[in-house]
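S.K.: Below is the structure, and that's it, no one-letter string:
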């Protein structure tokens, strides 16, 4: 779809809803997010679908610069992604970045791992929910396979977590997740890596961090089924 046609479509959707143009880029971005059909694949809070990664905390785990680069050309970052290139105009992309950057968990009425059902699960099972819904899966992939692209890091990929129990004690791993991690650049003359692990202690309490560690310690190599996620 051509850019001009895309812009006209979104503006027409807004007009049909009786909504006046907003001066707030976050509000405009939300309108574009819904109007362009992003909700058909992604969840924000309790709305949308879970075919693609949950974006409720995307603004905490991904920088605005990365979001902009991703929306500009998803396949330039990850050739294997199934997300289409929407050929967004600069203005629409800027508003979408503003909206997504604002998503830091506030859209949930109850966090998925804080429901009564989730709290009653074994610790590792609750940790799996946190891993998937908080968005660890979007960098480390389903079941911790890793292999997601990152710029200017050794091998160009985020490492697997399948053997994490061989390199860390539970206490060490919990501290690493709590404190976050900025990857060491592979080339000091090039731009810094755009994907970093945030300080999860700002979002998760100690029992939740313990649950994530318990889940990661259950991961074992499998012979097949390698997958990856985006956002």
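M.R.: Everything's here; your move. Quick caveat, the model's predicted, so the values are computed rather than measured.

S.K.: where's the closest residue to residue 63 other than its chain neighbours relative to residue 212, distance?
M.R.: Nearest-residue entry for residue 63: residue 194, 6.5 Å, with adjacent residues in sequence omitted and distances by CB to CB, 6 or more residues apart in numbering. C-betas here are computed from N, CA, C, even on glycine. According to CB to CB, to the nearest Å, residue 194 stands 23 Å off from residue 212.

S.K.: Of the two, give the one with the bigger neighbour count.
M.R.: A direct count of neighbours by other CB atoms under 10 Å for residue 194 and residue 212 places residue 212 higher, at 26 against 19.

S.K.: How is the more buried one assigned, secondary-structure-wise?
M.R.: For residue 212, the assignment made with DSSP: H, G, I helix; E, B strand; the rest coil gives helix.

S.K.: okay but it is in contact with residue 136, surely?
M.R.: Yes: between residue 212 and residue 136 there is a contact under CB atoms under 8 Å: 7.3 Å.

S.K.: what sits in contact with each of these two?
M.R.: Shared contacts of residue 212 and residue 136, defined by CB atoms under 8 Å, 6 or more residues apart in numbering, comprise residue 130.

S.K.: so what's residue 179 closest to, chain neighbours aside?
M.R.: residue 199 (6.0 Å).

S.K.: Please report the number of neighbouring residues for that neighbour.
M.R.: 14.

S.K.: got the contact list for it?
M.R.: The neighbours of residue 199, taking CB under 8 Å, 6+ apart as the test, are 178-180.
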